[in-house]
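Novice: Sequence and predicted structure, then a few things I'm wondering about:
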Number of protein chains: 2
Amino acid sequence: MTSGEPAGSEHRVSEGHAALAYDRIRQAVVEGAYGPGDRLVEQRISEEFSLSRTPVREALRRLESEGLVVFRRNRGAAVRSMSAEDVRDLYELRARLESYAAELASVRGSIGSCDAMDEAAEQFERQVDRSDDVGIARDDRVRALSDTNNRFHQTIVAAAGHERLTQMLAGAVDVPLVFRALRGFERSELQRSAEFHRMTAHAIRRGEGARAGRLMSEHILLGRDRLMEDLYRSDGAGRERE
Amino acid sequence: MTSGEPAGSEHRVSEGHAALAYDRIRQAVVEGAYGPGDRLVEQRISEEFSLSRTPVREALRRLESEGLVVFRRNRGAAVRSMSAEDVRDLYELRARLESYAAELASVRGSIGSCDAMDEAAEQFERQVDRSDDVGIARDDRVRALSDTNNRFHQTIVAAAGHERLTQMLAGAVDVPLVFRALRGFERSELQRSAEFHRMTAHAIRRGEGARAGRLMSEHILLGRDRLMEDLYRSDGAGRERE
DNA sequence: CCCACCCATATTGCGTACAAATTGGGTCAT
DNA sequence: ATGACCCAATTTGTACGCAATATGGGTGGG
């Protein structure tokens, strides 16, 4: 630490304060603690996390480049709010990018990465099967499901071995939406997702890139359609808070 | 200004110092004034531009998110150096993204945007025709050509009306490479590019999205192939300076 | 009653100071 | 001569303070 902290009060600073601020703000946005349109005032956030404004500012600009927040000149950051068209477009884009990733993974992926995909797909399936276990809070179940789902998709992206594509997908997968989508899924829809995971992984393992790409695309677009039904039944979602 | 400047010494600060630093560093990288692997020390750059480190730092992180520079923990920024595989992958990605943009533009583009495409395509053609005009320095010709080429591509992206895609392409089009590619093009190759511009714009105007997408993809991949021939004949390009 | 204008306030944008970490070179022991 | 180690210099990471700018409410005039 430079000066402020009592030294030893945190677990690990190894990643720096900026990265910490980034993680925390991101999680808050992803899980909806900060809703679309909410302003993200640097001063307030830095106090909330007991940091200075500098790393917070850096984190916000990084989130901006990932599209999670928007900046308005001399007005600072606010959580991005998306219209129905934005959601539709974003998912189409993501479908194309991940479809490309699946194609590449079919060609470049190692046996090990295929095993990792299968492992994630199987865990997802098990979590779906246990999805009405009342022992766990709903939000925790969704979070676990979301984590596993992310791991499956990220394994494929990693197997594609395309650094720039990886970087882009980090920004194109609008995690708040994915989280919300999984939250709204019925059990049968989760099972269908699991099915697509298996089929996609299988196609990749066999080196059938075109099929893998189409399956991945369809998987994502199915998720989109379901999500949009949800979003525009309950509330307008294009709304601005405040 | 806060304190440093003599007040009134610059033309317009309306965009802020950070944006200015961003523009200047970006241009330096694009045109090769800073070569791949060169370290970008904040202190030195801020003195070079008579700013403080803060806006420079912000500009560098933005360039990082666009993939032009890389950061290494506690070592700061350096101009990204790309291997042959990186270049190949990046162009493939760009081809897919711009192909998608062309498809969208075919559906969503207005008459006005089609006119703008044609205008840019025609100007490009005229500049190619004058491309052995000895009255202008080679670098200036290349810069003008590059600007017009960018305008053509950006018009299509804008016509696609997909905010996120626009943002991504801003980072996916590795401008240093495009600049270098155009620099190395023979007249006949420039003419072929102009031809593809015309064909693509025509397909978009007629609403034939699939064709427009394929033409755009082919246009970009042809550029890639030509560029890579160039890059890996002259020098290794995967090299690290310093 | 409504509109234009102005001022207090909240918040960003930038400059600067200082501490921590990495690096490269020099030194000492083997 | 070679290897490990340590120290100093460079450079990043963070905190903090001040000036500039947008904002929203209140006031006066039409």
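Specialist: Sure thing, it's come through.
Novice: Run through the residues that contact residue A:152.
Specialist: A:117, A:120, A:121, A:124, A:197 (CB atoms under 8 Å, 6 or more residues apart in numbering or on different chains). Where C-beta positions appear, they are placed from N, C-alpha and C, glycine not excepted.
Novice: can you map out the helices along chain A?
Specialist: A:16-30, A:42-48, A:53-65, A:84-108, A:111-129, A:138-160, A:163-172, A:175-184, A:187-205, A:209-234 (DSSP state H).
Novice: Now tabulate the ones you listed in a markdown table and tack on mean pLDDT.
Specialist: Shown next, in a markdown table, are the helices of chain A (pLDDT from 0 to 100):
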| stretch | mean pLDDT |
| --- | --- |
| helix A:16-30 | 90 |
| helix A:42-48 | 94 |
| helix A:53-65 | 94 |
| helix A:84-108 | 96 |
| helix A:111-129 | 97 |
| helix A:138-160 | 93 |
| helix A:163-172 | 87 |
| helix A:175-184 | 86 |
| helix A:187-205 | 97 |
| helix A:209-234 | 92 |
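Novice: Nearest approach to residue B:15 belongs to which of those helices?
Specialist: helix A:53-65 (15.3 Å; CB to CB).
Novice: mind giving me the domain split of chain A?
Specialist: For chain A, automatic domain parsing gives the domain ranges A:16-79, A:84-234.
Novice: Any residues of chain A in contact with chain B? List them.
Specialist: Chain A comes close to chain B at residues A:16, A:58, A:61-62, A:65-67, A:73, A:86, A:89-90, A:93, A:96-97, A:100, A:162-165, A:167-168, A:171-172, as judged by CB under 8 Å from any CB of the partner chain.
Novice: can you list contacts of stretch A:144-151?
Specialist: Stretch A:144-151 is contacted by residues A:120, A:123-124, A:127-128, A:131, A:173, A:175, A:178-179, A:182, A:190, A:193 when judged by CB under 8 Å, 6+ apart.
Novice: need the residues you listed in CSV with neighbour count and distance to residue B:211, can you?
Specialist: Below are these laid out as CSV (neighbours: other CB atoms under 10 Å in any protein chain shown; distance: CB to CB, whole Å):
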residue, neighbour count, distance to residue B:211
A:120, 22, 39
A:123, 17, 43
A:124, 22, 39
A:127, 19, 44
A:128, 21, 42
A:131, 18, 45
A:173, 21, 30
A:175, 17, 35
A:178, 20, 34
A:179, 20, 38
A:182, 20, 38
A:190, 19, 39
A:193, 24, 34
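Novice: residue contacts, residue A:57?
Specialist: If you count contacts by CB under 8 Å, 6+ apart, residue A:57 has them with residue A:42.
Novice: Model confidence for the residue of chain A at minimum distance from DNA strand C, exactly?
Specialist: Closest to DNA strand C within chain A is residue A:76: 2.7 Å, counting by CB to the nearest atom of the strand. The model reports residue A:76 with a pLDDT of 86.
Novice: Which single residue of chain A ends up nearest chain B?
Specialist: Per CB to the nearest CB, the residue of chain A with the smallest distance to chain B is residue A:65, at 3.7 Å.
Novice: That residue against residue A:171, yeah?
Specialist: Yes: counting by CB atoms under 8 Å, residue A:65 does reach residue A:171; the two are 7.0 Å apart.
Novice: Mind exporting the C-alpha coordinates of stretch A:212-227 to CSV?
Specialist: Extracted in CSV, the C-alpha atoms of stretch A:212-227 (Å, rounded to 0.1, in the frame of the first residue of the first chain):
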residue,chain,number,x,y,z
ALA,A,212,-19.9,-26.9,-34.2
GLY,A,213,-20.2,-23.3,-35.3
ARG,A,214,-23.8,-23.7,-36.3
LEU,A,215,-24.7,-25.5,-33.0
MET,A,216,-23.0,-22.8,-31.0
SER,A,217,-24.8,-20.1,-33.0
GLU,A,218,-28.1,-21.7,-32.5
HIS,A,219,-27.5,-22.3,-28.8
ILE,A,220,-26.9,-18.6,-28.3
LEU,A,221,-29.7,-17.4,-30.4
LEU,A,222,-32.1,-19.7,-28.6
GLY,A,223,-30.9,-18.1,-25.4
ARG,A,224,-31.5,-14.7,-26.8
ASP,A,225,-35.0,-15.4,-27.9
ARG,A,226,-35.9,-16.8,-24.5
LEU,A,227,-34.3,-13.9,-22.7
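Novice: List the buried residues in that stretch.
Specialist: Of the residues in stretch A:212-227, A:212-217, A:219-221, A:223-224, A:226-227 count as buried by neighbour count, 16 or more other CB atoms under 10 Å in any protein chain shown.
Novice: Off-centre distance for that stretch?
Specialist: When C-alpha coordinates are averaged (CA atoms, centre = their mean, to the nearest Å), stretch A:212-227 and its chain have centres 15 Å apart.
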